[in-house]
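Participant: can you look at this prediction? I've put the sequence above it.
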Amino acid sequence: MVSDSGLCGRGVREVSNFGGNVRFRPARLAVPRSEGEVCRLVQEHRADGVRVMGSRHAWSPLIRTAGLLLDLRYLDSVRVYEDGGRLLVSVGGGCRISQLLAYLNQRGLTMPSVGLITEQTVAGAISTATHGSGRHSLSHYVQRVRLVHFDAGGSEVVVRWIDSGDELRAARCSLGAMGVITEVVFAVVRQYRVQEQMVPAGTLSEVLRMEAETPLQQFFLIPHLWRFYVQRRAETAESGGRLTDQLYRVYWFLLMDLGLHLVVLLLAVFLRSRGLVRLFFSTLMPWLVVTSWRPIDRSDRQLVMEHELFRHVEEELFVRRADLPSAMALVQDLLRLADDGSWRLSEASCDQLRRVDLLGVVSEIEGCWSHHYPICVRRVCADDALISMSSGGAEDWYAISLINYQRGSAEFWRFAGFVGAALMRIYGARPHWGKWFPEGELRQEHYPELGRFCEQVKRCDPAGVFRRGFVGQLPGMGE
Ligand SMILES: Cc1cc2nc3c(=O)[nH]c(=O)nc-3n(C[C@H](O)[C@H](O)[C@H](O)COP(=O)(O)OP(=O)(O)OC[C@H]3O[C@@H](n4cnc5c(N)ncnc54)[C@H](O)[C@@H]3O)c2cc1C
């Protein structure tokens, strides 16, 4: 973590991310108080390379730099305005999503989409296409981006609004590669209420059939029980606010946000007992879930949870809807093989792994990892952006996430690396840009518009000042 040490620090302390899996020492950390200052710092550090950090919630090493690291926390203004009958909000890049939602809620408004938590900054969240379930990612709703970048010669800093064409589609999810985002304009919506109900489901087709009625739903594959639980969610015109609705928040906080996580920490992290983890999920966990409750609450309360309370690491892989059944079957098969080395993979899984040269090395994950957290799956609509995970085409994408609380575990990385490689090679799955990223597996084919994205990046930053580290190694970025 870093301190709010005022303007600049040379020889700064180590910077780390939420997961603790990214640690580095930038040459200089600066916390500018104005856009003018951002420009001056970027110009001054042209030769060193510049990266920006938000609230450091990404697990991928996007913010790592040996040069200048900018923290835009003071650029956090928020202003709602109307433009051609549309309600828009203009918000400073360093503003936290929680701050933005609170401001909007006071005006009867909210964001069209939110992720599981609200600690991220606005610029950080759009830079990796942060998403929830049943809507597009936040990036899709970006109307304009104010960007500090370089001129065509690559030597002078310019500041400009980007509001159309490929340039906007690139800036909507730009990984910090185009320049420094100082302000973002989003379309906003009227505040709405969401009703939810947690129900079990035996099969994936049953889960997907529910979507017609509850399009905002997300679902979980429960390890060791190998059944689904669906958090069915839909907008409702009913007002809520009953005592039972309020009690549900308390229940959720105590039993899910705290209780479930404390049990996972106790069994999987402190005791490291595979047997107890299996017992908990296969027999006790279903008792924690109250399936008859149908609480109603404000969208920005119902759609989020306190997932940031306990540190963890996460891999999230996006597959197209058409591939979801087969991808989920493979993930479940691999989870079971990792849990129990004598598990026999299905014929279908063997065929798929053979085709991508992974069957021969599947023994590397046999019995290596017993998963200790529900596998969350969320639907993300196709974005109008060049390289957000759900960009391109019209088909919905499904984000499958593997969450791990044993943060130092090499076995988890081995397992996550194998699953990542398998899904990326077999289905062209896309790893979340802001989550743990399987190394060396990304190809141009995963993002047909990656070439156009690189063009935009190079136009904004011909000398590659922002294109260092992880971003600089992406296919097409270097040349
Ligand atoms: C507990 C937890 C829960 C999460 N839940 C979800 C979820 O539900 N859905 C989801 O999709 N993701 C989720 N994430 C991932 C998170 O939303 C993304 O990693 C997001 O990018 C983090 O935003 P940040 O402000 O922390 O940015 P950082 O992690 O600090 O940076 C992320 C990227 O944004 C760039 N950036 C930041 N600010 C600027 C700027 N001003 N100008 C240019 N580039 C900038 C950085 O350079 C970097 O490339 C979660 C993460 C955690 C830790």
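Facilitator: The structure has been received and is ready for your questions.

Participant: mind checking the SS state of the residue nearest to Met256 when sequence neighbours are not counted?
Facilitator: Residue nearest to Met256 in three dimensions, not counting chain neighbours: Met305, with 6.9 Å by CB to CB, 6 or more residues apart in numbering. All C-beta atoms are positioned from the backbone trio N, CA, C, and that covers glycine. At Met305 the chain is in coil, as set by DSSP: H, G, I helix; E, B strand; the rest coil.

Participant: measure Met305 to His261 for me?
Facilitator: Going from Met305 to His261 by CB to CB, to the nearest Å gives 10 Å.

Participant: now do Met198
Facilitator: Using CB to CB, we find Met198 at a distance of 17 Å from His261.

Participant: try Gln197
Facilitator: Going from Gln197 to His261 by CB to CB gives 22 Å.

Participant: Gln246 too?
Facilitator: Gln246 is 22 Å from His261, by CB to CB.

Participant: show me which of the two is the more surrounded one.
Facilitator: Taking other CB atoms under 10 Å, Gln246 and His261 do not tie; His261 has more neighbours (17 against 13).

Participant: name the helix or strand for that one, please.
Facilitator: For His261, the element it lies in under DSSP states H and E is helix 261-264.

Participant: can you list the residues of the stretch 1-150 of the chain near the ligand?
Facilitator: Within the stretch 1-150 of the chain, the positions lying close to the ligand (CB under 6 Å from any ligand atom) are 18, 51-58, 62-63, 72, 93, 115-117, 120-121, 123-125, 127-128, 130-131.

Participant: show me those residues that map onto strands.
Facilitator: Cross-referencing these against strands under DSSP state E gives 51-53.

Participant: now those residues as JSON lines including pLDDT and neighbour count?
Facilitator: Listed next are those as JSON lines, based on pLDDT from 0 to 100; neighbours: other CB atoms under 10 Å:
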{"residue": "Arg51", "pLDDT": "98", "neighbour count": "25"}
{"residue": "Val52", "pLDDT": "98", "neighbour count": "27"}
{"residue": "Met53", "pLDDT": "98", "neighbour count": "26"}
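
Participant: how about the strands in the stretch 351-479 of the chain?
Facilitator: For the stretch 351-479 of the chain, the strands defined by DSSP state E, counting those that start in this stretch cover 375-380, 397-404, 430-431.

Participant: quick one: those as JSON lines, columns for mean neighbour count, distance to the ligand and mean pLDDT too.
Facilitator: Shown next, in JSON lines, are those (neighbours: other CB atoms under 10 Å; distance: least, CB to the nearest ligand atom, whole Å; pLDDT from 0 to 100):
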{"stretch": "strand 375-380", "mean neighbour count": "22", "distance to the ligand": "8", "mean pLDDT": "98"}
{"stretch": "strand 397-404", "mean neighbour count": "23", "distance to the ligand": "7", "mean pLDDT": "98"}
{"stretch": "strand 430-431", "mean neighbour count": "24", "distance to the ligand": "12", "mean pLDDT": "98"}
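
Participant: which one of those strands lies closest to Phe219?
Facilitator: Each of the strands of the stretch 351-479 of the chain has some distance to Phe219 by CB to CB; the shortest is strand 375-380, at 5.3 Å.

Participant: who touches that closest one?
Facilitator: 131-137, 211, 215, 217-221, 223, 318, 321, 324, 328, 331, 335, 389-390, 396-403 (CB atoms under 8 Å, 6 or more residues apart in numbering).

Participant: for PyMOL, what selects the buried ones among the residues you listed?
Facilitator: The following PyMOL line selects those of the contacts of strand 375-380 that are buried, judged by 16 or more other CB atoms under 10 Å:
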select buried, resi 131+132+133+134+135+136+137+211+215+217+218+219+220+221+223+318+324+328+331+335+389+390+396+397+398+399+400+401+402+403
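
Participant: show me what the longest helix seen in the chain is packed up against.
Facilitator: In the chain, with assignment by DSSP state H, the single longest helix is helix 410-427. Packing contacts for helix 410-427, counted by 3 or more CB pairs under 8 Å, 6 or more residues apart in numbering; DSSP states H and E, involve strand 313-320, helix 324-339, helix 347-355, strand 397-404, strand 430-431.

Participant: what comes up buried for that helix?
Facilitator: Neighbour-count burial for helix 410-427 flags 412-413, 415-427 (criterion: 16+ other CB under 10 Å).

Participant: how far off centre is it?
Facilitator: Remark: helix 410-427 is offset 17 Å from the chain centroid, using CA atoms, centre = their mean, to the nearest Å.

Participant: what kind of secondary structure is Val148 in?
Facilitator: State at Val148, reduced to three classes by three-state DSSP: strand.

Participant: what parts of the stretch 201-350 of the chain come near the ligand?
Facilitator: Going by CB under 6 Å from any ligand atom, the residues of the stretch 201-350 of the chain near the ligand are 307-308.

Participant: please redo it, this time with the cut-off set to 8 Å
Facilitator: 307-308, 312, 314, 316 (CB under 8 Å from any ligand atom).

Participant: include neighbour count when you put those residues into TSV, please.
Facilitator: Putting these into TSV (neighbours: other CB atoms under 10 Å) gives the following:
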residue	neighbour count
His307	17
Glu308	16
His312	21
Glu314	19
Glu316	25
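
Participant: nearest to the ligand: which residue in the stretch 301-450 of the chain?
Facilitator: Residue nearest to the ligand within the stretch 301-450 of the chain: Gly434 (2.5 Å; CB to the nearest ligand atom).

Participant: once you drop chain neighbours, what's closest to that residue?
Facilitator: Closest to Gly434 by CB to CB, 6+ apart is Thr128, at 3.2 Å.

Participant: just Tyr74 next, same as before
Facilitator: Arg33 (4.6 Å).

Participant: is it true that the one you found lies in a helix?
Facilitator: No. Counting by three-state DSSP, Arg33 is located in no helix; its state is coil.
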